[in-house]
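[1] Got a predicted model here, sequence first, then my questions.
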Amino acid sequence: MEINYIGEQLLPGKLGHFLIVLGFVAALVSALAYYFAAKDNTQSASWRTMGRVTFGIHSVSVLGVVGILLGLLASHRFEYQYIWQHSNTEMPMKYILSSFWEGQEGSFLLWLFWHVVLGAILMFSARKWEPPVMAVFALVQAFLVSMLLGTQFGDLRLGSSPFVLLREHPDFMNLPFLQNASYLANLDGRGLNPLLQNYWMTIHPPTLFLGFAATLVPFAFAIAGLWKKQYTEWLKPALPWTYFGIMILGTGILMGGAWAYEALSFGGFWAWDPVENASLVPWITLVGAAHVMVIQKNKGQSLIITFVLTLITFILILYSTFLTRSGVLGETSVHAFTSLGMSGQLLIYLLTFLFLAILLLAFRWRDLPKTEGEESLYSREFWMFVGAMVLSISAFQISFTTSIPVINKIFGTNIAPPLDPIAHYNSWQLPLAIIVALLIAIAQYLKYRKTEPKQFFTSLILPAALALVLTVAIAIAMRYTHFIYLLMLFATLFTVTANLNYWLRVLKGKVAVAGASVAHVGFGLLLLGAFLSTSKRETISLNTSSMDVSSLGEDYSNRENILLMKGDTLRMAEYFVTYQGKRKEGVNVFYDVEYMTQPTPGVFETAFMLHPRVQTNPRMGNVAEPDTRHFLHKDIYTFVTYAEVEKPEAKAEDFKSTSVKALAIGDTLFAGNAIITFDDFERNLDKAALGLQEGDIAVGISLTAVDVNNVRHTAMPVFALRDSYVIPVDAEIERLGLLFRVKRLIPQEGKVEIELLERANDHREFIVLKALVFPWINILWGGCVIMVIGTVMAIRRRVKLG
């Protein structure tokens with residue numbers, strides 16, 4: 001029986017699907033029109049106009065789809081599967097954008113959007129290159145839009161639409177509540193993945209996808225150069241875009257590292273995650289491509305490797321898309337999307353442009369200008385070429401290890417991935433990073449063609465000596481003895497000093513031409529900061545409590561996890577830490593941890609507070625997020641590894657009477673974890689605050705307890721009389737698990753009888769905490785900023801040169 005559903009808004013979905021189809025058709029027509037425009041026939045102008053118009057229609061269609069999907073997310077239209085799957089009413093509105101690109105369809109749309117923006121710029125700036133470049137752009141757009149068609153041809157499905165109704169989606173259509181005509185009345189969405197509910201995830205994905213989109217521009221120019229047999233002319237318009245891609249893609253990758261550092265609790269900023277690697281490798285090859293482009297543009301050498309690195313960069317972007325979205329990495333990466341059955345379509349997308357690049361290179365191979373003669377050992381182009389080759393080796397190693405699941409699946413092999421990925425990648429990449437850093441330091445002192453050896457080595461004496469002195473000083477201060485570490489330390493410092501020296505002495509401090517030097521200084525600082533902060537990373541949360549943390553499970557080690565009872569103060573490295581309790585704000589539970597110093601015995605001063613949190617999500621599981629105290633020379637990075645989100649209620653039977661003693665002023669009482677002193681009687685009491693009546697007779701007993709850490713705690717139990725009836729008001733020191741009760745007053749002796757009760761079953765709140773110290777990590781973040789600034793300066797100069 002057909003159900004007449006109440007409250008559904010079907011028009012936005014129908015309009016959105018129409019725009020997707022229109023965008024797909026328009027992109028195909030635009031690609032064809034630009035193809036014919038590029039053939040230099042008498043109808044070129046007409047074909048170009050048609051290409052522009054249809055690409056404009058495609059662009060409007062994409063923008064319309066983006067607007068509709070954002071509108072549906074903002075208005076919580078849960079009749080649509082994508083909206084229901086990736087958002088809910090409890091989610092703050094600021095994460096609407098994160099919901100937009102959490103799923104595959106939304107991230108494809110984000111990619112399409114940036115191609116539209118870049119395509120619009122190229123249509124009016126590429127001049128004679130517009131037809132062949134835009135033909136490639138439009139073809140890429142057609143493939144991307146096809147990922148959103150959601151059209152079924154028998155058993156073959158072409159893409160996945162973001163406008164599928166929840167009740168029509170094959171994975172959810174049989175949910176029981178969908179059989180109710182008014183199901184929307186009480187329906188809420190599944191919500192956004194807790195890991196993505198972070199401000200970095202509102203800016204990291206669009207930056208990263210702009211970087212992905214930017215790699216298409218030099219790729220399209222390279223294809224156009226091969227197509228039109230203009231083998232070197234394409235370099236001039238492509239080079240600024242290549243620098244732009246390096247800057248944006250690099251920034252996106254670094255933002256991902258910052259997100260991981262702030263939001264994930266693996267203890268760092270880079271874990272060699274497969275999807276992280278898949279975005280890093282194209283950046284590495286793009287950097288190599290930019291440098292060999294400079295060689296070719298200035299000296300007419302390295303043309304073949306220039307084509308190869310430029311073309312392979314975009315191919316690697318497509319390969320990373322396949323890795324991320326085909327489902328092959330679904331269990332090995334926190335970043336991977338689940339498969340939507342599009343692995344075959346993604347593979348066709350990848351192979352189409354791979355074969356296009358290979359075939360064009362093969363057909364034009366004989367016509368490509370070849371380099372005559374050998375390059376001098378003392379020439380800039382020789383060592384820049386070597387650097388590009390080292391970067392290529394680095395990219396290959398990362399790609400091969402990352403691709404092990406794909407290799408096993410395609411060839412039926414059983415290659416085991418590395419047991420310790422971080423150690424494996426570092427063992428390869430550290431030596432390569434040293435070589436790259438040394439090349440960055442020395443190459444700029446070489447001239448094109450040939451340099452006098454004496455002049456070359458003389459110019460390096462000052463920066464090398466300064467780097468050596470700094471290396472020795474840092475090695476002694478931070479106790480570096482391993483040779484490879486000393487070499488890495490020297491190489492990164494040499495990169496910084498050599499490029500600063502080159503800017504100040506060779507370029508005479510001119511800012512306009514200093515882009516490359518500034519970017520290289522930033523890269524050297526980035527490597528230095530990453531090296532110092534990871535090689536000397538220290539776990540300071542040694543468990544000093546009496547509880548065995550390992551009893552919680554095999555993932556908990558007493559060497560790395562400290563157990564803190566609420567109110568307890570324990571030593572942690574040079575600090576004393578106290579867990580003060582938790583507070584809930586929305587879906588977040590914050591755990592307040594006080595870090596204290598002890599300048600004199602028995603006196604504690606608060607150094608700072610940290611508030612690591614657990615984001616609760618019954619559907620997807622709770623997620624721990626760290627909190628970090630930033631100092632100039634280090635970060636203290638703290639996160640909760642175990643906590644009871646709901647505190648069990650304390651019961652009367654949890655306390656056990658351990659002592660009853662008559663005390664005079666100054667007398668002491670001993671508990672298992674403290675010494676208690678009777679200080680004085682207190683007669684000025686706030687009876688209302690104690691729950692007493694104005695006519696009650698009440699006396700407070702002022703007590704001081706000193707715990708094993710020499711920390712003082714106070715308590716004041718009260719003895720009250722009302723119409724000859726005794727009304728005791730107990731006092732508890734929750735941190736110590738002690739309860740005090742006044743049994744009777746002995747006025748003739750000036751004493752009071754106190755009963756001491758101690759927790760027999762300690763049900764106080766507790767957390768297990770892990771704390772890491774990252775020394776000098778600010779060098780890394782500062783290097784990132786400087787590198788981006790330097791790249792912007794280099795882009796500006798390239799654009800001015802034309």
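    Received it, and whenever you're ready, just let me know what you need.
[2] Point out where the chain drops to low pLDDT.
    1, 154, 328-342, 372-374, 646-653, 761-764, 802 (pLDDT under 70).
[3] for it, longest strand please?
    Using DSSP state E, we find that the single longest strand of the chain is strand 588-600.
[4] For it, list every residue counted as buried.
    Asn588, Val589, Phe590, Tyr591, Asp592, Val593, Glu594, Tyr595, Met596, Gln598 (16 or more other CB atoms under 10 Å). Any C-beta I mention is one placed from the backbone N, CA and C, and that applies to glycine too.
[5] for the stretch 401-550 of the chain, what spans make up the helices?
    For the stretch 401-550 of the chain, the helices defined by DSSP state H, counting those that start in this stretch cover 404-411, 421-442, 453-478, 483-501, 515-535.
[6] orientation of the second one relative to helix 483-501 in degrees?
    With axes from the mean of the first three to the mean of the last three CA atoms, to 10 degrees applied, the angle from helix 421-442 to helix 483-501 works out at 40 degrees.
[7] before we move on, what about the last one?
    Between helix 515-535 and helix 483-501, the angle formed by their directions is 150 degrees, by the same axes, to 10 degrees.
[8] Ala433 and Asn193, how far apart?
    Distance, Ala433 to Asn193, by CB to CB, to the nearest Å: 33 Å.
[9] Which helix or strand contains Phe576?
    strand 575-585 (DSSP states H and E).
[10] What of Gly13?
    Per DSSP H and E: helix 11-37 holds Gly13.
[11] buried stuff in that helix?
    12-13, 16-17, 19-37.
[12] so what secondary structure elements neighbour the longest helix anywhere in the chain?
    Counting by DSSP state H, the longest helix found in the chain is helix 44-74. Helix 44-74 sits against helix 11-37, helix 81-86, helix 96-100, helix 104-123, helix 130-146, with contacts defined as 3 or more CB pairs under 8 Å, 6 or more residues apart in numbering; DSSP states H and E.
[13] so the longest one versus helix 130-146, what angle?
    Think helix 11-37. Going by the same axes, to 10 degrees, helix 11-37 makes 150 degrees with helix 130-146.
[14] what packs against helix 11-37?
    By 3+ CB pairs under 8 Å, 6+ apart, helix 11-37 packs against helix 44-74, helix 130-146.
[15] Please look at Leu28 and Ala142 and confirm they touch.
    Yes: the pair Leu28 / Ala142 is scored as a contact, 4.8 Å apart, by CB atoms under 8 Å.
[16] Name the nearest residue to Leu663, sequence neighbours excluded.
    Using CB to CB, 6 or more residues apart in numbering and skipping the chain neighbours, the partner closest in space to Leu663 is Phe678 (4.2 Å).
[17] ok, then the element right after the host helix or strand of that neighbour?
    Take DSSP H and E as the rule and Phe678 turns out to sit in strand 674-682. Downstream of strand 674-682, the next assigned helix or strand under DSSP H and E is strand 697-707.
[18] just how off-centre is that next one within its chain?
    Mean C-alpha position of strand 697-707 versus that of the full chain (CA atoms, centre = their mean, to the nearest Å) differs by 52 Å.
[19] Pull out the buried residues from it.
    Ala698, Val699, Gly700, Ile701, Ser702, Leu703, Ala705, Asp707.
[20] What strands flank that strand, and is each parallel or antiparallel?
    According to DSSP bridges, strand 697-707 forms sheet pairs with strand 674-682 (antiparallel), strand 712-715 (antiparallel), strand 718-722 (antiparallel).
[21] Quick check: the residue lying closest to Gly695 once chain neighbours are set aside vs Ala689, distance?
    Using CB to CB, 6+ apart and skipping the chain neighbours, the partner closest in space to Gly695 is Arg722 (7.4 Å). Noted for Arg722: a distance of 16 Å to Ala689, by CB to CB.
[22] returning to that earlier point: nearest to Glu168, of the helices and strands packed on helix 44-74?
    helix 81-86 (8.1 Å; CB to CB).
[23] Alpha carbons of that closest one, as PDB, please.
    Output of helix 81-86 as PDB, limited to C-alpha atoms (Å, rounded to 0.1, in the frame of the first residue of the first chain):
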ATOM      1  CA  GLN A  81      19.500  10.600   3.400                       C
ATOM      2  CA  TYR A  82      22.600  12.900   3.200                       C
ATOM      3  CA  ILE A  83      21.200  15.400   5.600                       C
ATOM      4  CA  TRP A  84      20.000  12.600   8.000                       C
ATOM      5  CA  GLN A  85      23.400  10.800   7.800                       C
ATOM      6  CA  HIS A  86      25.600  13.800   8.500                       C
END
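[24] re the thing from before, how about the strand holding Phe678: buried residues?
    Here strand 674-682 shows Ala674, Ile676, Thr677, Phe678 as buried, counting by 16+ other CB under 10 Å.
[25] Could you give the separation of that strand from the chain centroid?
    53 Å.
[26] who touches that strand?
    Strand 674-682 is contacted by residues 663-670, 699-708, 713, 716, 733, 736, 738, 740, 752, 754, 756 when judged by CB atoms under 8 Å, 6 or more residues apart in numbering.
[27] Having no further points to raise, I will conclude here.
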